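Novice: Predicted model follows, preceded by the sequence.
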Amino acid sequence: MKKIISLIFFVMSGCSNDYVTDDEVIQHFNENSAVYDELAKQACSQFKDITDYKVIEITSNNTKHPDIANHLKILGRDSIYIQRQNGKCRLQLIYFGEGTFNAATIFSLNFNIQNPKIYDDKTDNFKVRKSLKRYYFDMPLSNGWYFSYQSE
């Protein structure tokens, strides 16, 4: 289910031509962690009644939820995906994505992952990832946020 949702998010989010690194995504999060925490608080409280697994997309141009839209603008993100899984709030922001339906790489910032595949620097390093067609990990950041990498 996680892979299907991520691929849907990737298709909906568009692609970027400027490749980023793990360190850039992590640095961006660390420099803006208070904004990410406030975004999670607002998004989860405003959408606490959605049904499980329904996905809501809020863009940075959304006028019905200006607080969420404003935080997205501050963070330089186009959209956030909000859903409930087993009653818990889950958020995803695509940071970078490239590829096609057959081969895609996605860097995302996720909140409240239920079953993360925790990053291990010995097995999840760049050399290992590039040698495999399919790969996924979640690196804990802070306050329920993760940096997630996925290649298909």
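Specialist: Now that the structure is in, tell me what you want to look at.

Novice: And the lengthiest helix in the chain, what does it pack against?
Specialist: Taking DSSP state H as the criterion, the chain has its longest helix at helix 33-46. Judged by 3 or more CB pairs under 8 Å, 6 or more residues apart in numbering; DSSP states H and E, helix 33-46 is in contact with helix 66-75, strand 79-85, strand 88-99, strand 104-111, strand 145-151. The C-beta positions use only the backbone N, C-alpha and C, and glycine is treated the same way.

Novice: Run through who's touching it.
Specialist: The contact list for helix 33-46 (CB atoms under 8 Å, 6 or more residues apart in numbering) reads 29, 58, 65, 67-68, 71-72, 74-75, 80, 82, 89, 91, 109, 111-112, 141-145.

Novice: what bits of the chain have low per-residue confidence?
Specialist: Along the chain, the model assigns pLDDT under 70 to residues 1-18, 101-102, 122-133.

Novice: can you redo the helices and strands packed on helix 33-46 as CSV with distance to Val25 and mean neighbour count?
Specialist: What follows is these, written out as CSV (distance: least, CB to CB, whole Å; neighbours: other CB atoms under 10 Å):
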stretch, distance to Val25, mean neighbour count
helix 66-75, 12, 17
strand 79-85, 16, 21
strand 88-99, 5, 20
strand 104-111, 5, 21
strand 145-151, 5, 21
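
Novice: Can you tell me which of these is nearest to Lys48?
Specialist: Comparing the helices and strands packed on helix 33-46 by their distance to Lys48 (CB to CB), the top pick is strand 88-99, with 7.1 Å.

Novice: strands paired with the closest one, and their directions?
Specialist: Here strand 88-99 has these sheet partners by DSSP bridges: strand 79-85 (antiparallel), strand 104-111 (antiparallel).

Novice: out of these, which comes closest to Asp49?
Specialist: Across the strands paired with strand 88-99, closest to Asp49 is strand 79-85 (CB to CB), at 8.7 Å.

Novice: Fine by me, we can end here.
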